[in-house]
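Participant: Below are the sequence and a predicted model; questions follow.
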Amino acid sequence: MKNSSAKFRLRISCAALVLANLFNLRADGISEGNGATTNGIYATGKYVAFWPDGGHVIRIYVHFRPPSTNIPTISPFPRVVEESNGVKIYSDPIFDGKYFLATNSFCGFVELRDQSGDKVALLKPEVNSPEAYPDAYDLKLANRLLMEKVAYMGAPKPGCLSGMDPEQCRFHLQKYFKLEKTGDYQLTVWPKIYKRSETNRDLCERIDLPPVTIPIKWSGNSQ
């Protein structure tokens, strides 16, 4: 009886391990990673090996849960909103937003290691510069300075994180790291977001979320 029970537990454990591997790396070339929760906020990452433009894409998401609940209805673009009573109001993330991106609108520090544990050279070291992620920034000042550098019409920067599970950033892996050989890699992201201060609405203060690790099977640049 004891042997039968032990065999049953072993089969359950093996089945759970197989399912975990299937969910971690699916047949469509997508692998995912999850970070720990910090006061109701956590980040997840997704590696998509086959993207419409031919690239290998990393997508980082931020998730908000009680007691930290983001405003779900705000648009990242200024717009006029008509409420149910017919009253029209002007909605602008600079005034209404609660959580924002870093001043460079990137996800945070990133690091890629190969299967030997060696770091892969970062092609854009500026994204790992501490200056891009100050302890706090003046939202209106940062928005004005960055908008002066934007040559296209788009959402104000630093962007507003809109919704309960917004995508924080998206980037092509091969444009940020010098990948020279195929094989298994591990990407680690240290997500950084900003929350509007409860005592000073012009001030956004940094939140460092727990790191997210994403397994990657690199089969070569498909662009």
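Facilitator: Yep, that arrived.
Participant: Tell me where the chain has strands.
Facilitator: Taking DSSP state E to define them, one finds strands in the chain at 30-34, 41-48, 57-64, 79-82, 88-91, 99-100, 108-114, 136-138, 167-172, 183-196, 203-208, 212-218.
Participant: So for the last one, mean pLDDT?
Facilitator: Along strand 212-218, the predicted local confidence has a mean pLDDT of 93.
Participant: mind listing what's buried in it?
Facilitator: Within strand 212-218, the residues that count as buried by 16 or more other C-beta atoms under 10 Å are 212, 214, 216, 218. Where C-beta positions appear, they are placed from N, C-alpha and C, glycine not excepted.
Participant: Show the contacting residues for the last one.
Facilitator: Looking back up the chat, that one is Trp218. If a contact means C-beta atoms under 8 Å, 6 or more residues apart in numbering, then Trp218 has 56, 173, 179, 181-185 as its contacts.
Participant: Start and end of stretch 70-85, how far apart?
Facilitator: 24 Å (C-alpha to C-alpha, to the nearest Å).
Participant: re the thing from before, please identify which of the strands of the chain is closest to Cys160.
Facilitator: Proximity to Cys160 (C-beta to C-beta) singles out strand 99-100 among the strands of the chain, at 5.6 Å.
Participant: any residues touching the closest one, and which ones?
Facilitator: For strand 99-100, the surrounding residues in contact (C-beta under 8 Å, 6+ apart) are 62, 64, 70, 93, 139, 158-161, 193-196, 204.
Participant: give me that answer again for 6 Å
Facilitator: Applying C-beta atoms under 6 Å, 6 or more residues apart in numbering, the contact partners of strand 99-100 are 70, 158, 160-161, 193-195, 204.
Participant: what two of the residues you listed are the furthest from one another?
Facilitator: The largest separation in these, counting by C-beta to C-beta, is between Asn70 and Pro158 at 15.1 Å.
Participant: what's near enough to touch the nearest residue to Pro211 once chain neighbours are set aside?
Facilitator: Nearest non-adjacent residue to Pro211, counting by C-beta to C-beta, 6 or more residues apart in numbering: Trp190, 4.9 Å away. Neighbouring residues of Trp190 by C-beta under 6 Å, 6+ apart: 108-109, 211.
Participant: which one of those residues is nearest Asn85?
Facilitator: For the contacts of Trp190, the minimum distance to Asn85 (C-beta to C-beta) is 40.9 Å, reached by Gly108.
Participant: I'd assumed Lys192 was in contact with that closest one.
Facilitator: Yes - here Gly108 reaches Lys192: they are 3.9 Å apart, a contact under C-beta atoms under 6 Å.
Participant: which of those two has more neighbours?
Facilitator: Of the pair Gly108 and Lys192, Gly108 is the one with more neighbours under other C-beta atoms under 10 Å, namely 25 against 19.
Participant: Lys98 versus that one, what's the distance?
Facilitator: Computed as C-beta to C-beta, to the nearest Å, the Gly108 to Lys98 distance reads 19 Å.
Participant: Repeat that for Leu161.
Facilitator: 8 Å.
Participant: which of the contacts of strand 99-100 lies closest to Val120?
Facilitator: For those, the nearest to Val120 is Ile193 (25.1 Å; C-beta to C-beta).
Participant: hang on, that closest one packs against Ile207?
Facilitator: Yes - using C-beta under 6 Å, Ile193 makes contact with Ile207 at a distance of 5.2 Å.
Participant: Understood, closing this out.
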